[in-house]
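1. Make a model of this:
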Amino acid sequence: YFLAVALTGEAFIIERSSGLLDRSWIAGVRPSEILASHILVQFCVMMVQTLVTLSTILLVFKIPCRGPLEWLAAITMLQGLAGMSFGFLISGLCDSQAVAMQLSIGSFYPNLLLSGILWPLEGMPAY
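-> Model (predicted):
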């Protein structure tokens, strides 16, 4: 999740600050095409990351998967897509890379708290 946020936010801010985004618009590239290219590239990067991560977990560390492997890969990809969407939001809000990284790091801990990863199962309500 965090890597997808950082990569997407950084790539879009770098394009905007270096003037590549303006040159693309002048050349006739539509904003939807720029967004689609970013999504496609980041999705391909996410697929490779998912493949490397899951193969390392399952083959190298030999951690058993007690469920369908396809669901594990799909949930991992959905988490990456959520991170990519949040990265696009951050890149739209921030003007510099430093501010974007601070915002993404600052929002990561509340995401962990709200998702329930840091709390034990015994502390969760029964309903």
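
2. so where is the chain shaky, pLDDT-wise?
-> Along the chain, no part satisfies pLDDT under 70.

3. rerun that using 80 as the cut-off
-> By pLDDT under 80, the low-scoring segments of the chain are 1, 115-127.

4. Helices of that one, residue ranges please.
-> In the chain, the segments counted as helices under DSSP state H are 2-18, 20-26, 31-55, 69-93, 97-115.

5. so what does the fourth one touch, helix or strand wise?
-> Helix 69-93 is packed against helix 2-18, helix 31-55, helix 97-115, with contacts defined by 3 or more Cβ pairs under 8 Å, 6 or more residues apart in numbering; DSSP states H and E. Backbone N, C-alpha and C define where each C-beta goes, glycine included.

6. got the angle between the first one and helix 97-115?
-> Interaxial angle, helix 2-18 versus helix 97-115 (axes from the mean of the first three to the mean of the last three Cα atoms, to 10 degrees): 150 degrees.

7. now for helix 2-18, which elements pack on it?
-> Short answer (3+ Cβ pairs under 8 Å, 6+ apart): helix 2-18 packs on helix 20-26, helix 31-55, helix 69-93, helix 97-115.

8. closest to Gly123 out of these?
-> Nearest of these to Gly123, taken as Cβ to Cβ: helix 97-115 at 12.3 Å.

9. So for Thr76, what's the nearest residue that isn't a sequence neighbour?
-> Thr50 (4.9 Å; Cβ to Cβ, 6 or more residues apart in numbering).

10. now Gly83
-> Ala4 (3.2 Å).

11. before we move on, the earlier item: so which of the helices of the chain is the most surrounded?
-> helix 2-18 (a mean of 19; mean count of other Cβ atoms under 10 Å).
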